[in-house]
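**Q** structure of the sequence below:
(one chain, ligands or ions: 1)
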Amino acid sequence: MHKINLSKKQSEIVNLKEGAFLIEASAGSGKTRVLTERVKQLLNHNSSKILAITFTNKASEELKDRLSLDTIKNNNVFVGTFHSFCQSILEARFKLLGFQKMPHIFEDESDRIEIVEDVIKSIPYFTPLYKEMDSKERSSYKSRVLSFISEVKRELAEPEELITDDGEEHFLMLYNEYQDNLRSNNAIDFDDLILLIYKLFINNEAARSLYSKAYNYIFIDEGQDLNKAQYYLLKSLCSKVINNIMIVGDPNQSIYGFNGSAPKYMQTLFVEDFKAKKITLDENYRCSKKVIEAANKLMDLNVEAVNHVIEGKFEIQRSSNELDEAKFVVSKIKELINEKLHSDIEGEIDYTKIAILGRNRFVFKHIEEELISSEIPYYFKSGNNGVKFETTFMKVFDNYFRIKINPSDKIHTRKLKSLLKIDDFDDEYQIELSKYSFFSFVKNIVDHLTGDNMKGSIKQIENFIKENNLFNEEDQLQIANEVEGFKNLWKTYSINNLKPTLTGFKNAISLGTVLKNVKEDGVCISTVHTMKGQESEIVFLIGLDDGTFPYYLAIEKGGEELNQEKNNLYVAFTRAKRFLYLSYPAIRKMPWGDNKSRSISRFLKVFIKQ
Ligand SMILES: Nc1ncnc2c1ncn2[C@@H]1O[C@H](COP(=O)(O)OP(=O)(O)OP(=O)(O)O)[C@@H](O)[C@H]1O
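**A** As a prediction, this is how the structure comes out:
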């Protein structure tokens with residue numbers, strides 16, 4: 001990467017002395033850059049002990065990369081998400097929180113839904129209520145319960161405080177049972193991670209003080225995405241001992257309101273509690289003139305372009321339907337690739353300089369088909385939480401692996417029993433009769449698995465898949481791909497951990513801290529949420545019909561929820577460095593089959609000449 005000269009204002013921030021600072025700045029103004037440079041500089045001082053919290057694992061990896069940081073060897077710095085930070089503390093202190101063994105993270109929503117279902121069925125009060133519901137009502141009820149539970153934890157609330165509607169008072173019972181059930185599985189969920197460490201800090205002065213002394217500088221990226229539990233965790237950690245905190249963020253990019261995040265934590269609470277000095281940055285280094293003008297118009301902002309000379313492109317395309325929209329995008333991509341060079345774009349235009357973004361994954365259906373038929377390489381950018389196996393072989397392996405490292409895990413025990421159609425994994429006769437004969441092989445491998453023989457065991461699995469005639473060619477290929485993925489995860493994990501353990505490995509997978517090694521080759525397809533913090537030379541933003549973006553539910557709710565949709569659109573616009581193409585279909589096929597005519601997103605009306 002070529003060396004970038006920081007602007008005067010950016011340099012001032014990098015060189016700030018001690019204290020609490022809020023860097024409130026617009027998209028592309030160099031927030032992440034400034035944060036990185038400051039961390040880099042502080043690391044050169046031997047006495048600096050740094051905690052840098054990013055919002056995603058991807059951002060952590062990027063920060064480590066930019067800092068050329070070997071975090072295992074460097075005890076003076078921790079770069080990670082709130083979850084991975086809390087996870088590392090939990091690994092060392094779980095006994096103080098009442099666990100006999102390190103708890104496992106149930107990252108998969110379907111596992112948590114299953115617990116909710118068990119809980120509902122275990123309380124007689126709910127039996128008649130649940131019986132009356134059809135399957136759709138049941139699943140929406142379970143989701144409501146789960147979001148209630150999550151909200152209690154995120155808002156550091158007592159369940160009673162969040163009961164608003166009639167009938168919800170029974171959620172209290174469900175909440176308590178759900179927690180007991182998780183415990184009996186020796187498991188926790190994502191929200192528990194933050195809550196547990198927050199509780200540790202406020203209830204155990206000695207433990208808190210140990211961690212407060214471990215750092216003298218704290219950095220938080222994407223501060224607009226802080227939620228209540230995260231903010232108070234930060235506050236309890238600092239506890240008047242750590243005064244050097246820098247939060248960087250952009251309130252206009254607040255898009256996680258549905259998770260309880262709000263800019264008020266950085267803008268109001270942080271400023272008041274820490275007497276933080278606010279500094280703003282409002283020049284955009286990323287985008288071309290046309291893209292900045294569009295983003296300014298969308299949000300009614302006045303951000304200045306630094307790249308005055310780069311004109312760029314901003315265009316809106318109305319297509320007759322989704323298929324035509326996909327054809328438009330693909331033909332434009334071909335046109336750009338054929339053009340090869342453009343004065344606005346550095347280097348040759350190739351597929352890796354192009355991203356296709358949408359609010360939801362469902363808008364990409366036709367695009368994918370068109371890309372395939374035109375033989376254009378593409379990949380989906382992934383959010384990286386957990387790993388889901390598709391093949392039965394790896395599902396059996398994964399479930400048995402989980403049970404082996406966490407014998408209290410009743411959820412996956414049940415799942416595996418139902419998959420194999422047996423009820424005792426140690427009964428040889430039953431194993432013989434199990435639905436999948438490869439189970440005895442998997443069992444033997446997993447029963448003897450340790451951190452030390454992991455590599456050899458994976459090799460044995462690879463040979464088994466290759467040499468066994470249980471699988472057809474197609475299956476063999478798919479299983480081999482998944483085994484390869486698993487192998488890469490272990491490789492990354494074991495390189496980055498001085499004492500690799502199977503439990504540590506599983507939890508790292510659940511948290512997404514060992515990234516799947518997805519080859520990012522070709523055109524990038526991504527939701528806007530996943531693309532946050534990143535950029536691409538050329539961006540196609542598709543599915544901009546009202547009801548899709550903004551989403552119809554947000555339109556119904558209005559207020560802050562609709563506002564967040566606009567912020568999301570702003571995030572999408574500002575991912576584009578040079579060219580931004582927007583599109584929407586005039587007719588969309590709805591999930592139930594009929595065609596509906598659609599109008600342009602309400603947010604884009606400002607661009608249409610009346
Ligand atoms: N002083 C500078 N000179 C040249 N380029 C810069 C400068 N500062 C930042 N950039 C570039 O501008 C782009 C945006 O920077 P960065 O990602 O740090 O911004 P950000 O404020 O974190 O963006 P966002 O909030 O939109 O994700 C990057 O490509 C970065 O390398």
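**Q** alpha carbons only for contacts and neighbour counts from here, please
**A** Fine.
**Q** near the ligand, which residues of the protein are found?
**A** Taking CA under 6 Å from any ligand atom as the criterion, the chain approaches the ligand at residues 4-7, 27-33, 285-286, 533-534.
**Q** now, these that are in helices?
**A** Counting by DSSP state H, those place Lys31, Thr32, Arg33 in helices.
**Q** contact partners for the second one?
**A** Going back to what we said before, that points to Thr32. Asp221, Val248 (CA atoms under 8 Å, 6 or more residues apart in numbering).
**Q** pLDDT score assigned to it?
**A** The score at Thr32 is 90. That number is its pLDDT.
**Q** beyond the longest helix anywhere in the chain, next helix or strand please.
**A** Scanning the chain for the helix with the most residues, using DSSP H, yields helix 473-496. For helix 473-496, the succeeding helix or strand toward the C-terminus, using DSSP states H and E, is helix 502-511.
**Q** tell me the buried residues in that next one?
**A** Across helix 502-511, burial judged by 16 or more other CA atoms under 10 Å covers Leu502, Thr503, Gly504, Phe505, Lys506, Asn507, Ala508, Ile509, Ser510, Leu511.
**Q** domain map for the chain?
**A** Segmentation of the chain into domains, based on the TED database, reads 8-90+194-284, 104-185, 289-384+519-607, 392-511.
**Q** ok so, going back, mind putting the buried residues of helix 502-511 in a markdown table, pLDDT included?
**A** Formatted as a markdown table, the buried residues of helix 502-511 follow (pLDDT from 0 to 100):
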| residue | pLDDT |
| --- | --- |
| Leu502 | 93 |
| Thr503 | 91 |
| Gly504 | 90 |
| Phe505 | 92 |
| Lys506 | 91 |
| Asn507 | 90 |
| Ala508 | 89 |
| Ile509 | 89 |
| Ser510 | 88 |
| Leu511 | 88 |
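**Q** farthest pair within those?
**A** The distance between the two most remote of those (CA to CA) is 14.3 Å, for Leu502 and Leu511.
**Q** and Gln478, what does it touch?
**A** The neighbourhood of Gln478, defined by CA under 8 Å, 6+ apart, consists of Thr391.
**Q** roughly how far does it sit from Tyr436?
**A** 17 Å (CA to CA, to the nearest Å).
**Q** likewise Ala576?
**A** In terms of CA to CA, Ala576 sits 49 Å off from Tyr436.
**Q** of the two, which one has the most company?
**A** Neighbours were tallied for Ala576 and for Tyr436 using other CA atoms under 10 Å; the higher tally belongs to Ala576 (29 against 16).
**Q** which parts of stretch 203-220 are buried?
**A** Ala207, Arg208, Ser209, Ser212, Ala214, Tyr215, Asn216, Tyr217, Ile218, Phe219, Ile220.
**Q** these in helices, which ones?
**A** Reading helices off the buried residues of stretch 203-220 with DSSP H, I get Ala207, Arg208, Ser209, Ser212, Ala214.
**Q** pLDDT for the buried residues of stretch 203-220 - can I get that in CSV?
**A** Shown next, in CSV, are the buried residues of stretch 203-220 (pLDDT from 0 to 100):
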residue, pLDDT
Ala207, 94
Arg208, 95
Ser209, 94
Ser212, 93
Ala214, 92
Tyr215, 93
Asn216, 91
Tyr217, 95
Ile218, 96
Phe219, 97
Ile220, 97
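**Q** closest to the ligand out of those?
**A** Closest approach between the buried residues of stretch 203-220 and the ligand, by CA to the nearest ligand atom: Ile220, at 11.7 Å.
**Q** by proximity to the ligand, which residue of the stretch 451-600 of the chain wins?
**A** For the stretch 451-600 of the chain, CA to the nearest ligand atom, closest residue to the ligand: Gly533, 3.4 Å.
**Q** who's in contact with that residue?
**A** Gly533 sits in contact with Ala59, Arg575, where contact means CA under 8 Å, 6+ apart.
**Q** from Lys277, how far off is it?
**A** 24 Å.
**Q** then Gly543?
**A** From Gly543 to Lys277 the distance is 40 Å (CA to CA).
**Q** the two: who's more crowded?
**A** Higher neighbour count among Gly543 and Lys277: Gly543, with 28 against 14, using other CA under 10 Å.
**Q** the more buried one belongs to a strand?
**A** No. Going by DSSP: H, G, I helix; E, B strand; the rest coil, the assignment for Gly543 is coil, not a strand.
**Q** that one contacts Arg588, correct?
**A** No. Using CA atoms under 8 Å, Gly543 is not in contact with Arg588; the gap is 9.4 Å.
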